[in-house]
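[1] Need coordinates for the below:
(one chain, ligands or ions: 1)
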Amino acid sequence: MSTKQILKLDNVVKKFPVGDGRYFTALKGINLEIDKGEFAGLVGPSGSGKTTLLNIIGSLDSPTEGKAIVMGQNISELTHKESAKLRNIHIGFIFQVYNLLPVYTVFENVEFALILQNVSASERKKRVMEALEWVGLQDLADKKPDKISGGEGQRVAIARAIVKKPDIMLADEPTANLDAKNAHQIMRIMKKLNEELDTTFLFSTHDEKVMKYLERIITLKDGSIAEDKQVTPQKTLK
Ligand SMILES: Nc1ncnc2c1ncn2[C@@H]1O[C@H](COP(=O)(O)OP(=O)(O)OP(=O)(O)O)[C@@H](O)[C@H]1O
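    Now for the predicted structure:
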């Protein structure tokens, strides 16, 4: 593993207002470093702070206290435009609900991020087809999302995230709506991207199937890191 640092959280606290001037503290001083090429997961009971933490790392939200440095940038100091740029260039998101735009084809759904980056049409075509090949969906490029299955939809969402060649992919419960066969297929695709492109992955998950592939498990409990350990994956590409 290379030592290039992707992110560093320094005593990150997140408080949400809950009315009457009171706050709920969802994250209670998180210290975490993730290096390039890691395949790591946040696990822990519902409400332990996994999504809140992923949102901060993805610069969709900012800490109330402490520092979150993502790709060398302190996300609390970014303007709206700068954080949009950080997300667009460096971060790929995969969610439980993959939100493909229904009126666009599979190809166009994947192409969208590259239009935002002002990539030329010929380069876009090449990169979108390459991303669809990664997830084995090159033959479905012209289909609309309502003509493909749930597992295929999640694979399009991976292609949409990976087409930007992001440094880090954040995956919040990516297998939650999939059956076992599709869940394993998705995990194998992500592991292959991790191994071949050295893309860093950070999952949030309850799913044992996801956990079997992880190389590092960070356990959250009540907004704190209860355990952070390197593990030998039970499932690999071999
Ligand atoms: N906007 C908000 N306002 C108030 N409380 C919030 C807000 N967002 C999250 N919380 C609270 O913060 C805590 C952590 O939520 P979070 O969604 O990060 O947990 P999680 O570990 O991702 O849970 P799950 O596994 O169910 O998705 C929860 O108690 C939640 O109710």
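[2] Got the phi and psi for Ile158?
    Reported as degrees, to the nearest 10, the phi and psi values for Ile158 are phi -70, psi -40.
[3] what about Lys81, neighbour count?
    8 (other C-beta atoms under 10 Å). Yep, even glycine has a C-beta here, placed from its N, CA and C like the rest.
[4] Distance of Asn118 relative to the ligand?
    34 Å (C-beta to the nearest ligand atom, to the nearest Å).
[5] if I look at that residue, how far off is Phe93?
    Noted for Asn118: a distance of 20 Å to Phe93, by C-beta to C-beta, to the nearest Å.
[6] ok, the two, which is more surrounded?
    Applying other C-beta under 10 Å to Asn118 and Phe93 shows that Phe93 carries more neighbours, namely 21 against 6.
[7] okay but the more buried one is in contact with Leu170, surely?
    Yes - at 5.4 Å, Phe93 counts as touching Leu170 under the criterion of C-beta atoms under 8 Å.
[8] which residues do the two both contact?
    Gly58 (C-beta atoms under 8 Å, 6 or more residues apart in numbering).
[9] Name all residues that make contact with the residue nearest in space to the middle of the chain.
    Central residue of the chain (C-alpha atoms, centre = their mean): Leu170, 1.3 Å from the mean position. Leu170 sits next to Leu54, Ile57, Gly58, Ile91, Gly92, Phe93, Ile94, Leu202, Ser204 when contact means C-beta under 8 Å, 6+ apart.
[10] would a markdown table of those with distance to the ligand be doable?
    A markdown table is the format used below for these (distance: C-beta to the nearest ligand atom, whole Å):
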| residue | distance to the ligand |
| --- | --- |
| Leu54 | 8 |
| Ile57 | 12 |
| Gly58 | 13 |
| Ile91 | 18 |
| Gly92 | 19 |
| Phe93 | 15 |
| Ile94 | 15 |
| Leu202 | 13 |
| Ser204 | 6 |
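[11] Of these, which belong to helices?
    Using DSSP state H to define helices, the subset of those located there is Leu54, Ile57.
[12] Among the contacts of Leu170, which one lies nearest to Ile34?
    Leu202 (6.3 Å; C-beta to C-beta).
[13] what about the closest one, how many residues close to it?
    Leu202, neighbours per other C-beta under 10 Å, totals 25.
[14] Distance-wise, check it relative to Phe24.
    Shown here: Leu202 relative to Phe24, a distance of 24 Å by C-beta to C-beta.
[15] now swap in Glu77 and tell me
    25 Å.
[16] re the thing from before, the residue nearest to the centre of the chain bridge partners, please.
    Phe93, Leu202 (DSSP bridges).
[17] do the same with Val12
    Here Val12, judged by DSSP bridges, has bridge partners Ile30.
[18] residue boundaries of the strands in this protein?
    Secondary structure of the chain (DSSP state E): strands at 5-17, 23-35, 39-43, 65-70, 73-74, 91-94, 168-172, 200-204, 216-221, 224-230.
[19] most tightly surrounded among those strands?
    Sort the strands of the chain by mean neighbour count, taking mean count of other C-beta atoms under 10 Å, and strand 200-204 sits at the top with a mean of 26.
[20] Contacts made by that one with the rest, please.
    Contacts of strand 200-204 (C-beta under 8 Å, 6+ apart): 6, 34-43, 50-51, 53-54, 57, 167-174, 190, 193-194, 210, 214.
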